[in-house]
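Participant: with the sequence up front, the predicted model follows.
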Amino acid sequence: MHGNPKSHGLWELTAPVPPYTGPLVGDAQADVVVIGGGYTGLSATIHLAKAGARAILLEASEIGFGGSGRNVGLVNAGMWVMPDTLSATLGPPFGERLIELLGRGPQEVFELIERHGIDCEVERAGTLHCAVGRRGFQQIQIRAEQWQKRGAPVVVLDPEETRRKIGGGNYTGALLDKRAGTIQPLAYARGLARVALAAGARIFTQTEVPTVRDMGLRWRVGTGTGSVCAEWVIVATNAYGKTTWPQVQREQIRLPYFNLATRPLSDRPRTSILPERQGAWDTSEVLSSFRFDRSGRLVFGSVGALEGIGALVHRAWAVRSLRRLFPQFGELEFETGWFGMIGMTSDHLPRFHKLDRNVVTFGGYNGRGIATGTVFGRVLASYVLGHLAEIDLPLPAAPVEHRRFRAAREALYRAGSQLVHLTEARL
């Protein structure tokens with residue numbers, strides 16, 4: 001990705017090569033133009049093309065350049081918000097509808113991968129939400145009870161069971177979600193692009209959209225080297241958009257999150273850590289996550305940006321944390337490190353916006369982009385095609401929220417994560 005090893009790290013090194021795409025040159029016609037080449041945009045484009053619509057996707061950089069190519073790769077169900085809280089916040093009919101839809105999200109991702117033979121290191125062993133202290137255990141118990149009453153296959157593990165599943169640590173318990181799993185996130189995005197192209201869609205990369213113009217019955221989306229005229233526009237840029245409808249990005253606080261990948265581990269730590277290959281993360285306020293890739297590299301991450309002094313602070317913290325979690329580690333060396341941005345909304349719930357006439361978007365996934373983006377892309381396609389009425393969407397249309405002091409809050413997240421990790425590294 002533009003020769004920057006800190007943007008996509010391990011995922012860029014190990015993903016299959018992307019399908020050939022290039023910039024848009026000249027003028028084109030479409031039924032729907034999709035702006036953004038991440039999970040939401042690619043999923044929408046696939047379903048539009050399969051339904052026979054002329055779909056063109058425009059991506060300012062490369063497929064999976066934003067959060068879709070940088071995340072941990074945890075395919076989780078639901079949102080960070082507790083199910084009951086989500087239901088109460090949205091109210092009927094949207095609350096329970098969204099819970100049901102996103103509860104099935106991982107299954108939709110895995111079925112899509114299997115149906116199209118996408119090579120993305122899929123693991124369907126579930127995920128472990130690890131409890132830190134008494135408060136953390138209470139949180140996972142409540143979460144489990146709320147999912148269980150909705151029929152979800154989630155189980156609370158005691159400390160001993162948790163230790164066996166993880167192969168170390170001192171957690172007070174864990175929530176095992178059997179619906180979930182892990183993937184290689186950039187490989188998944190590139191696989192979706194291949195599926196979209198095979199379905200008849202057109203994808204143009206290195207194609208920024210500086211101008212949009214309402215022509216009355218159609219929109220003209222200008223790219224500098226060409227244009228697309230279409231009846232509908234789907235904006236799928238989430239936290240990484242720059243120029244087109246920038247108010248969408250301004251309602252999100254961008255939280256930095258980094259990952260560090262070890263070299264492939266030797267036999268003892270490789271077989272004893274996460275022996276069933278679940279992905280894991282904990283209940284700490286400045287959380288950490290860990291999982292394996294196909295070649296036996298342990299990917300360890302947390303809140304923070306690997307730049308400036310933060311790169312040194314976060315790496316030192318990661319070394320100490322991993323050795324505390326897993327004493328069986330011998331020499332510990334990171335092969336790659338990278339970071340990206342999570343778009344956070346004020347209530348940690350996603351948004352549906354009607355930005356203008358025939359211009360729609362979903363965004364604000366709050367760290368749950370893989371399943372959410374895949375599902376919402378399909379939903380957007382159904383809505384644009386007229387197969388789904390607005391009242392049947394999983395979210396009500398909402399005005400774009402203006403987040404005050406956005407830059408200051410983002411700077412506080414960066415500084416705060418450095419302070420927490422610096423303190424913990426010295427303990």
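Facilitator: Alright, I've got the coordinates. Residues are numbered from 1 along each chain as shown.

Participant: pLDDT weak spots in this structure?
Facilitator: Within the chain, the stretches with pLDDT under 70 are 1-3, 5, 243, 425-427.

Participant: apply 50 and report the result again.
Facilitator: For the chain, applying pLDDT under 50 flags the ranges 427.

Participant: output stretch 107-116 as PDB, restricted to C-alpha atoms.
Facilitator: The C-alpha atoms that make up stretch 107-116 are tabulated as PDB, following Å, rounded to 0.1, in the frame of the first residue of the first chain:
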ATOM      1  CA  GLN A 107     -22.500 -16.500   9.400                       C
ATOM      2  CA  GLU A 108     -23.200 -14.200   6.400                       C
ATOM      3  CA  VAL A 109     -19.500 -13.500   6.100                       C
ATOM      4  CA  PHE A 110     -18.500 -17.100   6.300                       C
ATOM      5  CA  GLU A 111     -21.100 -18.200   3.800                       C
ATOM      6  CA  LEU A 112     -19.900 -15.600   1.300                       C
ATOM      7  CA  ILE A 113     -16.300 -16.700   1.700                       C
ATOM      8  CA  GLU A 114     -17.300 -20.400   1.200                       C
ATOM      9  CA  ARG A 115     -19.600 -19.700  -1.700                       C
ATOM     10  CA  HIS A 116     -17.000 -17.800  -3.700                       C
END
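
Participant: outside of that stretch, which residues touch it?
Facilitator: Here stretch 107-116 makes contact (C-beta atoms under 8 Å, 6 or more residues apart in numbering) with 75, 118, 120, 122, 124, 179, 181, 183, 188, 191-192, 194-195, 370-371, 374-375, 378. For glycine as for every other residue, the C-beta is placed from the backbone atoms N, C-alpha and C.

Participant: again, only this time at 6 Å
Facilitator: Stretch 107-116 is contacted from outside by Val75, Val122, Val195, Ala371, Thr374, Val375, using C-beta atoms under 6 Å, 6 or more residues apart in numbering.

Participant: just put these in CSV and tack on secondary structure, neighbour count and distance to Asn4.
Facilitator: Listed next are the contacts of stretch 107-116 as CSV, based on DSSP: H, G, I helix; E, B strand; the rest coil; neighbours: other C-beta atoms under 10 Å; distance: C-beta to C-beta, whole Å:
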residue, secondary structure, neighbour count, distance to Asn4
Val75, strand, 29, 26
Val122, coil, 19, 27
Val195, helix, 22, 27
Ala371, helix, 27, 27
Thr374, helix, 25, 26
Val375, helix, 23, 30
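
Participant: need those residues in TSV with distance to Val233, can you?
Facilitator: Converted to TSV, these look like this (distance: C-beta to C-beta, whole Å):
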residue	distance to Val233
Val75	28
Val122	32
Val195	22
Ala371	24
Thr374	20
Val375	20
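
Participant: secondary structure element holding Trp147?
Facilitator: Secondary structure assignment for Trp147, by DSSP states H and E: helix 133-148.

Participant: pull out the buried positions in that helix.
Facilitator: With burial defined by 16 or more other C-beta atoms under 10 Å, the residues of helix 133-148 counted as buried are Gly136, Phe137, Gln139, Ile140, Arg143, Ala144, Gln146, Trp147.

Participant: in CSV, list these along with distance to Gly95.
Facilitator: Formatted as CSV, these follow (distance: C-beta to C-beta, whole Å):
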residue, distance to Gly95
Gly136, 25
Phe137, 26
Gln139, 20
Ile140, 21
Arg143, 16
Ala144, 19
Gln146, 12
Trp147, 14
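
Participant: and the helices in this protein, which stretches?
Facilitator: Assignment of helices within the chain using DSSP state H yields the ranges 5-14, 39-50, 83-90, 94-103, 105-116, 133-148, 159-166, 185-198, 247-250, 267-272, 309-325, 369-384, 406-425.

Participant: pull the CA atoms of the shortest one into CSV?
Facilitator: This file holds the C-alpha atoms of helix 247-250, laid out as CSV (Å, rounded to 0.1, in the frame of the first residue of the first chain):
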residue,chain,number,x,y,z
GLN,A,247,-19.8,15.7,7.3
VAL,A,248,-20.1,11.9,7.5
GLN,A,249,-16.5,11.7,8.8
ARG,A,250,-16.9,14.7,11.1
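
Participant: chain center to that helix: distance?
Facilitator: The chain centre lies 18 Å from the centre of helix 247-250; the measure is C-alpha atoms, centre = their mean, to the nearest Å.

Participant: same question for the second one.
Facilitator: Relative to its parent chain, helix 39-50 has a centroid offset of 16 Å by C-alpha atoms, centre = their mean.

Participant: that helix - contacts with which helices or strands?
Facilitator: strand 32-35, strand 55-58, helix 185-198, helix 369-384 (3 or more C-beta pairs under 6 Å, 6 or more residues apart in numbering; DSSP states H and E).

Participant: identify whichever of these lies nearest to Arg254.
Facilitator: Among these, helix 369-384 comes nearest to Arg254, with 13.2 Å by C-beta to C-beta.

Participant: now do that closest one: everything it contacts.
Facilitator: Outside helix 369-384, the residues that touch it by C-beta under 6 Å, 6+ apart are 32, 39-40, 43-44, 47-48, 67, 75, 101, 105-106, 108-109, 232, 234, 362, 365, 388.

Participant: what's the answer for stretch 171-186, then?
Facilitator: Outside stretch 171-186, the residues within contact range by C-beta under 6 Å, 6+ apart are 11, 15, 64, 69, 71, 73-77, 106, 120-124, 126-131, 137, 140, 144, 153-159, 162, 279, 291.

Participant: can you flag the buried ones in the residues you listed?
Facilitator: Restricting those to buried positions leaves 11, 15, 64, 69, 71, 73-77, 106, 120-124, 126-131, 137, 140, 144, 154, 156-157, 162, 279, 291, with burial counted as 16+ other C-beta under 10 Å.

Participant: in strands only, show me these.
Facilitator: Judged by DSSP state E, the subset of the buried ones among the contacts of stretch 171-186 located in strands is Leu74, Val75, Thr127, Leu128, His129, Cys130, Ala131, Val154, Val156, Leu157, Gly279, Arg291.
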